[in-house]
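Engineer: could you work out the structure for the sequence below:
(2 chains)
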There are 2 protein chains.
Amino acid sequence: MPFFNFNAKNKLKIWDGINGSFFHWEQLTFGQIIVDEGTILPEHKHPHEQWTLLIEGELEFNVNGEVQILLPGMAAYIPPDTLHTGKAITQCKVIDCFMPVREDFVAMEKQ
Amino acid sequence: MPFFNFNAKNKLKIWDGINGSFFHWEQLTFGQIIVDEGTILPEHKHPHEQWTLLIEGELEFNVNGEVQILLPGMAAYIPPDTLHTGKAITQCKVIDCFMPVREDFVAMEKQ
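Structural biologist: Numbering: from 1, shown residues only, chains lettered A, B, ... in the order given. Model (predicted):
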């Protein structure tokens, strides 16, 4: 099926204040994620490469100690196994892309 | 460098009415593309997988004969070597992801 709709898919709660819907292909996962205003993304890392593209809002993002305020049209690349954290200055909508597939999210969707 | 900004990068003219800025990694290319109202994307195909995520606007998209009006939060997946075309019902902003890298765009950026 060539079309998919983030708005129509059940949302996963990733952390408090961070909810998203995800679609998976052979090699990667795309997500549309809403981060509530004031939410702090706990510092973490994972073996997946990640691209975070800001669609709406203002997001302070920290990749391995480098900090940038992301506005719409700005983005971050997180290499594998690299610590990252962030804070939503306003409510944010982001597109996240992960490679390889987030099998942990696939498992959560089956619960 | 973990951060990148589509707004600050020179735009490539892909077709009349279709202009975008692109960033490339080892395995994929991300682009932010503006499609002017009324623009028709010529039917074409390429060996790259493609994901087109609508951020703003209303885009009629056709993947191998299947047609969908894309609104923000909706997206299309184009398998390798699959014909696709579209028409911008309004001005649109889309995020495109290609795998593997669009070496043709890399070459255009060097011109």
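
Engineer: and the helices in chain A?
Structural biologist: Along chain A, counting by DSSP state H, helices occupy A:103-110.

Engineer: would you mind naming what in chain A lies close to chain B?
Structural biologist: Chain A comes close to chain B at residues A:2-7, A:23, A:25, A:27-28, A:30, A:32, A:49, A:51, A:53, A:55, A:61, A:63-64, A:66, A:68, A:70, A:73-79, A:95, A:97, A:99, as judged by C-beta under 8 Å from any C-beta of the partner chain. C-beta coordinates here come from the backbone N, C-alpha and C atoms, glycine included.

Engineer: buried ones in stretch A:70-86, by neighbour count?
Structural biologist: Counting neighbours by 16 or more other C-beta atoms under 10 Å in any protein chain shown, one finds that the buried residues in stretch A:70-86 are A:70, A:72-78, A:84-86.

Engineer: a markdown table for those, including pLDDT?
Structural biologist: Output for the buried residues of stretch A:70-86, formatted as a markdown table (pLDDT from 0 to 100):
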| residue | pLDDT |
| --- | --- |
| A:L70 | 98 |
| A:P72 | 98 |
| A:G73 | 98 |
| A:M74 | 98 |
| A:A75 | 98 |
| A:A76 | 98 |
| A:Y77 | 98 |
| A:I78 | 98 |
| A:H84 | 98 |
| A:T85 | 98 |
| A:G86 | 97 |
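
Engineer: how far away is the closest residue in space to A:L41 that isn't next to it in sequence from chain B?
Structural biologist: Closest residue in space to A:L41, ignoring its immediate chain neighbours: A:G86 at 4.2 Å, by C-beta to C-beta, 6 or more residues apart in numbering or on different chains. With distances taken as C-beta to the nearest C-beta, to the nearest Å, A:G86 is found 12 Å from chain B.

Engineer: residues contacting the residue nearest to the spatial centre of chain A?
Structural biologist: Computing the C-alpha centroid of chain A and ranking residues by C-alpha atoms, centre = their mean puts A:D96 first, at 4.1 Å. Contacts for A:D96 (C-beta atoms under 8 Å, 6 or more residues apart in numbering or on different chains) come out as A:20, A:29-31, A:33, A:50-53.
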